[in-house]
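Asks: Could you work out the structure for the sequence below:
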Amino acid sequence: MNAMVYLSQMKYRTMGTLNISRKVTNKGFTIVELAVVIVIIGILASLTVFGINNWQKSITERELRSEMLNVASAMKSKRNFSNAYPTALPDNYSKSANVSLSWGGGDGTMYCIDATSNRNSSITMFVTESGQPKFGTCAGGETIQGIGETWTARSASTVDSWQSITYGNGLFVAVASSDGVMTSPDGITWTDRFTTATLYSVTYGNGQFVAVGGSVVRTSPDGINWTSRINGPVGSNDWRSVTYANGMYVAVGINNAIMTSPDGITWTQRSSVQTAAWYSVTYGNGLFVATGGTNNLIITSPDGINWTSRNSALTVGISEVIYAKNLFVAVSNAPSTGGIMTSPDGITWTQRTNISPGRWYGIGFGSGKFVAVGQSGAVGVSSDGINWTPQTAAQANTWTDVAFGNGRFAAVSSNGTNRVMTSP
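Replies: Take a look at the predicted model:
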């Protein structure tokens, strides 16, 4: 083989070797790099969906508002011609195909009309003779957008184990199991109203606040000045909940305890038809309803005096029960199987899907929404009491109760740095 041919072959072999080496060292993406890319794509996709959902919601809300303005204009035109508003939707009114309208009421001098989006039935508005559309319904009133969803931490007046909160006479009042009462006109700024009593529940009715707990009852006309009501034999029970309705205060407690009072001062012990530790009582649909802390404990009474045991078939105990939107709604402190229970009449109950795993302690209603609070910062919001959306609390405290007043929800906690939170 001559030298030229040999050198030519060596050249091609060397180039081939170099090319092969270059191909081997030209690596692709590592598993970690691919994982990072996938996560970024997922985040971008979520943001896109979130943006689209908000855009669609904004379009729906504008559509409803436009419809309400058109309805108000049509009603005003009818009034201008006949000196009175019509008592039904105008016959010649042509509505949008994406909106359902219903007559909420009227007498010629006033009216209310509801609108529901056919795109998203959870979005509702109403309009009255004022001509200004508002979120909500004629029956339920105005719904404040975002309420119950965004929460702000507030400082309590003192570091107490706050157990219950109510709103009445322009004032929030909260009570604690460690000798505490505090008040606030807005749920944000709180003032200490010290009382030497263990209190678990407070309500407002018949022009006064009434608080119960341990073996005592306290009353106050203004939430500031409190009077002790010691009740002899009925004071020996551990009272946990009190409500006012139908001209009667009704309190329930541990040790099978029930008592009633027409004025919050003089109390009479009543017989329970079922031996139980009662933790909550409310009134609705013509009945007082009391619930127990263990399975299947519900009793009802038309007057707070004569009680009937109900076989609820529930497998959990109930922490608190309220009545709103023609529905009894209760929350449970059972960590896994608990959650939400509902009843249209206080007699027949349905256990609903849990908002999220955990213990739920308090529930309130306002601005067309139910709000539930519980352990480790648990918050849930619902417009119907059945379908719930988890929310994030201001802090991961044990939130024990929540109430609505002065256009906002206020919740209290038994622990944590800031033991009050408000929304909005």
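Asks: any idea which helix or strand carries Phe370?
Replies: strand 369-374 (DSSP states H and E).
Asks: What pLDDT does the model give the residue lying closest to Thr219 once chain neighbours are set aside?
Replies: Nearest non-adjacent residue to Thr219, counting by C-beta to C-beta, 6 or more residues apart in numbering: Gly264, 4.7 Å away. Backbone N, C-alpha and C define where each C-beta goes, glycine included. pLDDT for Gly264: 95.
Asks: So Gly264: helix, strand or coil?
Replies: coil (DSSP: H, G, I helix; E, B strand; the rest coil).
Asks: wait, what's in contact with it?
Replies: Asn206, Gln208, Val210, Val217, Thr219, Arg229, Tyr249 (C-beta atoms under 8 Å, 6 or more residues apart in numbering).
Asks: that older thread, buried ones in the strand holding Phe370, by neighbour count?
Replies: Lys369, Phe370, Val371, Ala372, Val373, Gly374 (16 or more other C-beta atoms under 10 Å).
Asks: quick revisit: most neighbours of all the contacts of Gly264, which one?
Replies: Within the contacts of Gly264, most neighbours by other C-beta atoms under 10 Å means Val217, with 27 neighbours.
Asks: how close does that residue sit to Val412?
Replies: Per C-beta to C-beta, to the nearest Å, Val217 is found 20 Å from Val412.
Asks: In which helix or strand does Arg218 reside?
Replies: Using DSSP H and E, Arg218 maps to strand 216-220.
Asks: chain center to that strand: distance?
Replies: 28 Å (C-alpha atoms, centre = their mean, to the nearest Å).
Asks: Strand partners (parallel or antiparallel) of that strand?
Replies: The strands beside strand 216-220 in its sheet (DSSP bridges) come out as strand 208-213 (antiparallel), strand 227-229 (antiparallel).
Asks: still on that earlier bit, which one among the contacts of Gly264 gets closest to Ala290?
Replies: Ranked by distance to Ala290 (C-beta to C-beta), those are led by Tyr249 at 13.4 Å.
Asks: Please work out which residues outside whichever strand or helix holds that closest one touch it.
Replies: Using DSSP H and E, Tyr249 falls within strand 248-253. Under the contact criterion C-beta under 8 Å, 6+ apart, strand 248-253 has outside partners 201, 203, 205-206, 210, 212, 217, 237-244, 257-264, 267, 277-281, 283, 288, 290, 301, 303-304.
Asks: go again using 6 Å as the cut-off
Replies: Strand 248-253 is contacted by residues 210, 212, 237-243, 258-261, 264, 278, 281, 288, 290, 304 when judged by C-beta atoms under 6 Å, 6 or more residues apart in numbering.
Asks: Now do it against strand 216-220: the angle between them, please.
Replies: Per axes from the mean of the first three to the mean of the last three C-alpha atoms, to 10 degrees, the angle that strand 248-253 makes with strand 216-220 is 140 degrees.
Asks: Whatever helix or strand comes next after strand 248-253: partners in the sheet, and parallel or antiparallel?
Replies: Using DSSP H and E, the next helix or strand after strand 248-253 towards the C-terminus is strand 257-261. Next to strand 257-261 in the sheet, as set by DSSP bridges, lie strand 248-253 (antiparallel), strand 268-270 (antiparallel).
Asks: What are the boundaries of the helices in this structure?
Replies: 3-25, 31-82 (DSSP state H).
Asks: weakest of the ones you listed by average pLDDT?
Replies: Mean pLDDT across the helices of the chain is lowest at helix 3-25; the value there is a mean of 44.
Asks: Spatially central residue in the protein, please.
Replies: The C-alpha lying nearest the average C-alpha coordinate of the chain belongs to Val371 (C-alpha atoms, centre = their mean; 0.7 Å).
Asks: So that residue sits against Ala411, correct?
Replies: No. Between Val371 and Ala411 no contact is recorded; they are 7.8 Å apart, counting by C-beta atoms under 6 Å.
Asks: any residues in contact with both of these two?
Replies: Contacts common to Val371 and Ala411, judged by C-beta under 6 Å, 6+ apart, are Val402.
Asks: Can I get the strand holding Phe370 as CSV, trimmed to CA atoms?
Replies: What follows is strand 369-374, C-alpha atoms only, in CSV (Å, rounded to 0.1, in the frame of the first residue of the first chain):
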residue,chain,number,x,y,z
LYS,A,369,-73.5,32.6,52.1
PHE,A,370,-72.9,29.9,54.7
VAL,A,371,-69.4,30.0,56.3
ALA,A,372,-68.0,27.1,58.4
VAL,A,373,-64.8,27.3,60.4
GLY,A,374,-62.8,24.7,62.3
